[in-house]
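sequence below, structure please.
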Amino acid sequence: MDKLTRIDIGDRCVECNCDTSFGSGNFVNRIPAATDKFMGFMCLECQCSPCEKCGELTYEWYSQDFGFVCEDCWEGDDDE
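This next block holds a predicted model:
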């Protein structure tokens, strides 16, 4: 019987293996994450995706009719 075993890599990013520990510069925006092989965190850079309108990498994105876009390209309702 195969059992899924993940290796706990502590404060390392599960995608790029960079240090996300306190004092590394990657601590504040890290999130807990896991892959098929590793448990640890994900750094901000690995959380980013390209905007489908301008191509700029962003971690805060909004859903449009044609995909996900950054805040600058979002054409949603203003709450103000």
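
give the buried residues for the longest strand anywhere in the chain.
Identified as the longest strand of the chain according to DSSP state E is strand 7-13. Buried residues in strand 7-13, defined by neighbour count with 16 or more other C-beta atoms under 10 Å: 9, 12-13. Every C-beta, even on glycine, is put in place using the N, C-alpha and C of the backbone.

so Tyr59 touches Cys48, yeah?
Yes: between Tyr59 and Cys48 there is a contact under C-beta atoms under 8 Å: 4.8 Å.

what residues sit buried inside the helix or strand just after the longest strand of the chain?
Scanning forward in sequence from strand 7-13 by DSSP states H and E, the next helix or strand is strand 31-34. Neighbour-count burial for strand 31-34 flags Ala33 (criterion: 16+ other C-beta under 10 Å).

the helix or strand following strand 31-34 to strand 7-13, inter-axis angle?
Beyond strand 31-34 on the C-terminal side, the first helix or strand identified by DSSP H and E is strand 38-42. Relative orientation of strand 38-42 versus strand 7-13 (axes from the mean of the first three to the mean of the last three C-alpha atoms, to 10 degrees): 10 degrees.
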